[in-house]
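K.L.:
The sequence and its predicted three-dimensional model are supplied below.
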Amino acid sequence: MKFTAFVEYHQEPERIAEARPAHRAYLQDLLQQGRLVLAGPFADGSGALFVYDVPNEDEATKLAANDPFAKASLFRRIVMKPWTPVFANPLHLTPAL
């Protein structure tokens, strides 16, 4: 089942930049495990969207809680919701690393 995590960051750019390598390594690991569908920050830097592919909401919540950004108290708020994808265009999901 898919779950979206709409995350708002605390506005601490220096701490975010410091934790970013560990955060991205964590997400890359989840991606390789097939537990992350997509992830990326909002263009205004206010937060990010994550889509997890896990059996239940508890597992999605644990993944978010184990994110290095969460462990560094950089997540101000997380809204977790089950999500059912209906349409997707893979041509529009090119990572902007």
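P.N.:
Thanks, I have the structure now. Numbering: from 1, shown residues only.

K.L.:
can you give me the helices in this structure?
P.N.:
Ranges of helices in the chain, per DSSP state H, are 13-33, 57-65, 68-71.

K.L.:
List the contacts of the last one.
P.N.:
The set of residues external to helix 68-71 that reach it, using CB atoms under 8 Å, 6 or more residues apart in numbering, is 7, 9, 16, 19, 22-23, 26, 64-65, 75, 78. Every C-beta, even on glycine, is put in place using the N, C-alpha and C of the backbone.

K.L.:
can you pull the buried residues of that helix?
P.N.:
68-70 (16 or more other CB atoms under 10 Å).

K.L.:
With the first one instead?
P.N.:
Along helix 13-33, these residues count as buried under the neighbour rule (16+ other CB under 10 Å): 16, 19, 23, 26-27, 30.

K.L.:
Direction-wise, compare it with helix 57-65 and give the angle.
P.N.:
140 degrees (axes from the mean of the first three to the mean of the last three CA atoms, to 10 degrees).

K.L.:
Can you name every helix or strand that helix 13-33 contacts?
P.N.:
Under the contact criterion of 3 or more CB pairs under 8 Å, 6 or more residues apart in numbering; DSSP states H and E, helix 13-33 touches strand 36-41, helix 68-71.

K.L.:
now swap in the second one and tell me
P.N.:
Judged by 3+ CB pairs under 8 Å, 6+ apart, helix 57-65 is in contact with strand 2-9, strand 47-53, strand 75-83.

K.L.:
one more time with 10 Å
P.N.:
Helix 57-65 is packed against strand 2-9, helix 13-33, strand 47-53, helix 68-71, strand 75-83, with contacts defined by 3 or more CB pairs under 10 Å, 6 or more residues apart in numbering; DSSP states H and E.
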